[in-house]
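Asker: Okay, sequence plus prediction incoming.
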Amino acid sequence: MFDTLSDRLAATFKGLRGKGRLTDADIDATAREIRIALLEADVNLAVVKEFVANLKDRCRSEEVSGALNPTQQIIKIVNEELVNILGGEDRTIRYAKTPPTVIMLAGLQGAGKTTLAGKLAMWLKSEGHSPLLVAADLQRPNAVNQLQIVGQRAGAHVFAPEPGNGIGDPIAVARASILEAQRKLYDVVIVDTAGRLGIDETLMQQAADIKAAVTPDETLFVVDAMIGQDAVNTALAFEEGVGFDGVVLTKLDGDARGGAALSIARVIGKPIMFASNGEGLKDFDVFHPDRMASRILDMGDMLTLIEQAEKHFDQEQSRKAAEKLMSGKGNEFGLGDFLSQMQQLRKMGPMSKIFGMLPGMGQMKDQIANIDEKEIDRIEAIIYSMTPAERDDVAILNGSRRARIAKGAGVEVSDVNNLVNRFVEARKMMQSMAGMMGGKGGGMPGM
Ligand code: GDP
């Protein structure tokens, strides 16, 4: 997402680089280019106008032209203005004082509500809550079933009308779910409502009725970012017909332009709370305006990366592995340690996503998209085919052992050789680096 915008902004800033002073004409030209970049990204016209006007004002009043590094100063201002239009502060769920907290999902059919219900449940669980999913989408015959599948994957219970009772009343189901949550001590209730293909009065009324019946603590408007400017119009209609507290953007993975994301919070005056960027349950995150802005400016998303690492890395295990690697006692760090580190890394998501969050990687988009997860699967399969002794000490891997491992992993012997050689080389390199950095044990001999 935001690829075109990132590229255009990068080109604009590149054109400025090296200028020790910026004239009024430079500022005007920059503002013009940024205006075009935003319009091309499908950002709402009113938002673009405001953005550019603020940018110009600030560039003049904050004396950018006289600053030591005027380009950096402009990047800083663009960043701050992006954060502003994206909603400024982070805002997530506000929990009710007396549980259960009720979250209602509303939006068009296909927006990703049901998928989101699962993602939200999983996220809530990781935050220590016990969510109950409620199937109040009784319009589509398959919707209850779909929610049940999603719930199962997220490990969350689903409250739904008994099958065979005919089409139930979604309002009654929603109401009953609150009692169920109170009885069984679920502290968050997520009500999935029926979608509509277009803005349809009857279904809009139904959502409004469910809302009145369960008085949600948070009503989330779920919208597919790929529909661009229509997202803004749909949001306006839902705000009028149902009313909501926050926005969830889905399918950001498919939206190269990002105009919806960059317009909706400003136009509607409601925060974007969460973002979905894939079909998997893990492809979901709290929306951070500041991080999104720095991602657009290709400063990378180090904060997200650090947070994910903290969540998914077993600190103790990682510390032990690092100690082994830096011990300088030669080859204590074996393939088994390597495997467990790699698996922890993979828990953070596909490699292409992890690398995509590193700063400066915007230039390497194509290579990153081509990272072959299958190659990584192959490496895992090879290590799995080894005995613990072999993983600990690759020196014992003679020809017949290598042939057995290759067979077990379904690869060629040359693949096994390749992995072992690359591992030994990498370990050597890391150990000598650890030595240079004053790692415990004084590093490799001769350093
Ligand atoms: P609902 O009608 O609003 O409940 O929408 P669904 O949850 O059924 O989602 C509609 C389709 O969009 C499904 O095929 C989902 O797998 C897909 N989907 C949902 N969220 C995302 C996302 O963030 N990225 C992508 N690529 N697909 C998504």
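Answerer: Received it, and whenever you're ready, just let me know what you need. Residues are numbered from 1 along each chain as shown.
Asker: buried sites along stretch 391-403?
Answerer: For stretch 391-403, burial by neighbour count (16 or more other Cβ atoms under 10 Å) applies to 391, 392, 394, 397, 401, 402. No exception for glycine: its C-beta is placed from N, CA and C like everyone else's.
Asker: of these, closest to the ligand?
Answerer: Checking the buried residues of stretch 391-403 against the ligand with Cβ to the nearest ligand atom, the nearest one is residue 391 at 37.1 Å.
Asker: That closest one touches residue 339, doesn't it?
Answerer: Yes. Counting by Cβ atoms under 8 Å, residue 391 touches residue 339, with 7.2 Å between them.
Asker: Name the residues contacting each of these two.
Answerer: Counting by Cβ atoms under 8 Å, 6 or more residues apart in numbering, the shared contacts of residue 391 and residue 339 are residue 383.
Asker: so what's the closest residue to the ligand within the stretch 301-447 of the chain up against?
Answerer: Taking Cβ to the nearest ligand atom, the ligand has its nearest neighbour within the stretch 301-447 of the chain at residue 353, 12.6 Å off. Going by Cβ under 8 Å, 6+ apart, residue 353 touches no other residue.
Asker: Format the CA atom coordinates belonging to the helix or strand hosting it as CSV.
Answerer: Using DSSP states H and E, residue 353 falls within helix 351-356. Below are the C-alpha coordinates for helix 351-356, written out as CSV (Å, rounded to 0.1, in the frame of the first residue of the first chain):
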residue,chain,number,x,y,z
MET,A,351,9.6,-12.9,5.9
SER,A,352,8.6,-10.5,3.1
LYS,A,353,6.4,-8.5,5.6
ILE,A,354,9.1,-8.4,8.3
PHE,A,355,11.7,-7.1,5.8
GLY,A,356,9.2,-4.7,4.4
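Asker: List the buried residues of that helix.
Answerer: Across helix 351-356, burial judged by 16+ other Cβ under 10 Å covers 351, 352, 353, 354, 356.
Asker: got TSV for those, with pLDDT too?
Answerer: Output for the buried residues of helix 351-356, formatted as TSV (pLDDT from 0 to 100):
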residue	pLDDT
351	75
352	75
353	73
354	74
356	70
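Asker: Between those residues, which sits nearest residue 14?
Answerer: Distances from residue 14 to the buried residues of helix 351-356, taken as Cβ to Cβ, are shortest for residue 356 (20.9 Å).
Asker: State the next helix or strand along the chain beyond the lowest-mean-pLDDT helix or strand in the chain.
Answerer: When each helix and strand of the chain is scored by mean pLDDT, DSSP states H and E, helix 302-312 comes last, with a mean of 66. The C-terminal neighbour of helix 302-312 among helices and strands, as given by DSSP H and E, is helix 315-326.
Asker: Could you tell me which residues of the stretch 101-250 of the chain lie near the ligand?
Answerer: Taking Cβ under 6 Å from any ligand atom as the measure of proximity, the stretch 101-250 of the chain contacts the ligand at 107, 109, 110, 111, 112, 113, 114, 115, 195, 250.
Asker: Try it again at 5 Å.
Answerer: By the rule Cβ under 5 Å from any ligand atom, the part of the stretch 101-250 of the chain lying against the ligand is 109, 110, 111, 112, 113, 114, 115, 195, 250.
Asker: First-to-last residue distance for stretch 318-332?
Answerer: Start-to-end span of stretch 318-332 (Cα to Cα, to the nearest Å) is 14 Å.
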